[in-house]
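> What would the 3D arrangement of this be:
(chains A, B, C and D)
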2 protein chains.
Amino acid sequence: MSCSAGAAQPQIRLRVVHPPVRTVPAATVSRLPVYFRVLDRIAESRSTISSDLLAELAGTTAAIVRKDLSYLGSMGTRGAGYEVLGLRDRISAVLGANRAWPVAIVGMGNLGRALASYPGLAGPSFEVAALFDVDPAKVGRPVAGVIVRHLDELDEISRNVKLSIGVITTPAVAAEEVAGRLVEAGIHSILNFAPVRLGVSDGVLVRDVDLGLHLLVLSYNERSRLEG
Amino acid sequence: MSCSAGAAQPQIRLRVVHPPVRTVPAATVSRLPVYFRVLDRIAESRSTISSDLLAELAGTTAAIVRKDLSYLGSMGTRGAGYEVLGLRDRISAVLGANRAWPVAIVGMGNLGRALASYPGLAGPSFEVAALFDVDPAKVGRPVAGVIVRHLDELDEISRNVKLSIGVITTPAVAAEEVAGRLVEAGIHSILNFAPVRLGVSDGVLVRDVDLGLHLLVLSYNERSRLEG
DNA sequence: TAGTGTGAACGCTTTCACAGCG
DNA sequence: CGCTGTGAAAGCGTTCACACTA
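Coordinates of the predicted model:
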């Protein structure tokens, strides 16, 4: 098998205290978005797809595809495969991708500004609802069409606008406090780009995107390639 | 070649001779960078650390810490814990973090420019060696102090400057071709931010950082929180 | 016949428990 | 006594094999 690594996940800390009644394995949840994207892309050129082809396009195996999809209930037709649109919509519903989740980004440095304009955030499933910083030079100016607010306004804004997902793109030293404020403002899902481990209360899901860790794994790969 | 490719004894002159490292499990490799960062941070305030404390700071368990470190050879002192500096340097050597790997970034959009200035890339283990784009408006201008080159110059530049790690921050449609060019230029370790699965030859390690997938997992979390 | 759905085997990872050593 | 190092057990996720069905 190739070393191509969607399978190689960064550390994910699932802190869900009350697991869903109908439990989809975490490994499956992390692959559903891949299937969703593949199905969405080929929806116009195919009406059905086999687990074999879906596996190839998603970078996994047919057996895993069938197992994963079995957790969503049997949607395939033996001998024919899966109906693309039906399967896409089912996965979309499971993921909650069929509505627009309001996202707040805290930290309008280079990375935060880049994310605010990120195409993935402009899709139908997400909406940049608020941007925050503490730097007076940034507060009040628009980024990607949204006015940057001072972090102190978070509570007030979250009372008027429901915020579902928080993205932390602050320096490491500020991340912990920002996370606390996001949780206080009612956010339970956080995407953290700061290179620190956030200590959040139970029930809050934190996904860490830590470039430094990724780079060090690549470094390990280079080192072992050179030295055996 | 395997993803959890065997690491052999580094020929670093340490005071203590460690047994050869045959294979480090992939799960362990992905945690070593976390330990490294923790140890580096506390090196000035502590001289030894127990598996319990290291686990807490790294967000894992003491049993996992001990198991992980056992793959690097026994470095601990029973009753006292691990010597912070020695352990840090040992992990650094295994990860190859004790030298500066030259990194090339392809795609100088918002994300590429943000990464070029990313502090994690400015550390001692990495060096932004080259930046590439195909947009004439970007080629020739400096980003983070490095002149952006046209992608067509990749081969020529890679003959003069050794490039170890490639970062892809292009639009999705270009990513596949860029990956091919990077591999042709002799790069075996790729950090891919484009939301596509790269089909690369065996022996090339690709780490995907796919924000869209992360967001959809958070979306799943929000959805199941609302609907059970 | 082609391809799903699934129990069972397999292998990797985590957890447990404790012997052993400073 | 405190804490490491490590076999053994448990838990998950992946792979296999094949019965079954449109």
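> Contacts only, for A:Y82.
Residues near A:Y82 by C-beta atoms under 8 Å, 6 or more residues apart in numbering or on different chains: A:48-51, A:54, A:69, A:75-76. No exception for glycine: its C-beta is placed from N, CA and C like everyone else's.
> who does the strand ranked longest in chain A pair up with?
Among the segments of chain A that qualify as a strand by DSSP state E, the longest is strand A:126-133. Its sheet considered, strand A:126-133 pairs with strand A:101-106 (parallel), strand A:146-150 (parallel) by DSSP bridges.
> tell me the most buried of these?
Mean neighbour count (mean count of other C-beta atoms under 10 Å in any protein chain shown) peaks for strand A:101-106 among the strands paired with strand A:126-133, with a mean of 24.
> Tell me which stretches of chain A form helices.
Secondary structure of chain A (DSSP state H): helices located at A:26-42, A:51-58, A:62-70, A:84-95, A:110-116, A:119-122, A:154-160, A:172-184, A:211-227.
> Now the weakest link among those helices, please, by mean pLDDT.
Among the helices of chain A, helix A:119-122 carries the lowest mean pLDDT, at a mean of 88.
> List the buried residues of that one.
Buried residues in helix A:119-122, counted by 16 or more other C-beta atoms under 10 Å in any protein chain shown: A:120-121.
> And stretch A:72-83, by the same measure?
Buried residues in stretch A:72-83 (16+ other C-beta under 10 Å): A:72, A:76, A:81-83.
> Would you point out the most distant pair within those?
Within those, A:L72 and A:G81 form the most distant pair, 15.1 Å apart (C-beta to C-beta).
> Counting neighbours, what do you get for the residue nearest to A:L154 when sequence neighbours are not counted?
Closest residue to A:L154 apart from its sequence neighbours, by C-beta to C-beta, 6 or more residues apart in numbering or on different chains: A:A185 at 5.2 Å. By the criterion of other C-beta atoms under 10 Å in any protein chain shown, A:A185 has 17 neighbours.
> Now A:G81. Nearest residue, chain neighbours left out?
A:S50 (4.0 Å).
> Distance of the nearest residue to A:D133 once chain neighbours are set aside relative to A:R41?
Leaving out its chain neighbours, the residue that sits closest to A:D133 by C-beta to C-beta, 6+ apart is A:M108, at 4.2 Å. Applying C-beta to C-beta, to the nearest Å, the value for A:M108 to A:R41 is 32 Å.
> So these two - more neighbours on which side?
Using other C-beta under 10 Å, the more surrounded residue of A:M108 and A:R41 is A:M108, with 24 against 13.
> for the more buried one, what are its contacts?
By C-beta under 8 Å, 6+ apart, the contact list for A:M108 reads A:116, A:131-133, A:135, A:138, A:143, A:148, A:169.
> of the residues you listed, closest to DNA strand C?
Relative to DNA strand C, the closest of the contacts of A:M108 is A:T169; by C-beta to the nearest atom of the strand it sits at 27.0 Å.
> quick one, phi psi at the closest one?
Note on A:T169: backbone dihedrals following degrees, to the nearest 10 are phi -130, psi 30.
> burial of it, as a residue count?
Taking other C-beta under 10 Å as the neighbour definition, A:T169 ends up with a count of 26.
> doesn't A:A104 make contact with it?
No. Using C-beta atoms under 8 Å, A:T169 makes no contact with A:A104, being 11.0 Å away.
> Can you name the residues of chain A sitting close to DNA strand D?
A:1, A:7, A:25-28, A:60-61, A:63-64, A:66-67, A:77-80 (C-beta under 7 Å from any atom of the strand).
> is it true that A:G86 touches A:M75?
Yes. Contact criterion C-beta under 8 Å: A:G86 and A:M75 qualify, at 6.3 Å.
> Can you give me the neighbour number for A:N110?
A:N110 has 18 neighbouring residues, counting by other C-beta under 10 Å.
> What residue spans form the domains of chain A?
Following the assignment in automatic domain parsing, chain A carries domains at A:26-94, A:101-213.
> Could you point out which of those domains sits nearest B:L198?
Across the domains of chain A, closest to B:L198 is domain A:26-94 (C-beta to C-beta), at 9.0 Å.
> Centre of the chain to the closest one, how far?
On the basis of C-alpha atoms, centre = their mean, to the nearest Å, domain A:26-94 sits 19 Å off its chain's mean C-alpha point.
> same question, stretch A:136-154
Counting by C-alpha atoms, centre = their mean, stretch A:136-154 comes out at 23 Å from the chain centroid.
> If you count neighbours, what's buried in that stretch?
Buried residues in stretch A:136-154, counting neighbours by 16+ other C-beta under 10 Å, are found at A:138-139, A:143-144, A:148-149, A:151, A:154.
> State the distance spanning the first to the last residue of that stretch.
In stretch A:136-154, first residue to last residue: 15 Å (C-alpha to C-alpha, to the nearest Å).
> hmm, who's touching that stretch?
The contact list for stretch A:136-154 (C-beta under 8 Å, 6+ apart) reads A:104, A:106, A:108, A:112-113, A:116-117, A:128, A:130-134, A:157, A:178, A:181-182, A:185.
> Just the buried residues of the residues you listed.
For the contacts of stretch A:136-154, buried by 16+ other C-beta under 10 Å: A:104, A:106, A:108, A:112-113, A:116, A:128, A:130-133, A:178, A:181-182, A:185.
> what's the most distant pair in these?
Checking the buried ones among the contacts of stretch A:136-154 with C-beta to C-beta, the most distant pair is A:R113 and A:A185, at 21.6 Å.
> where does the residue nearest to A:D133 fall, phi/psi-wise?
Dihedral angles (degrees, to the nearest 10) for A:M108: phi -100, psi 40.
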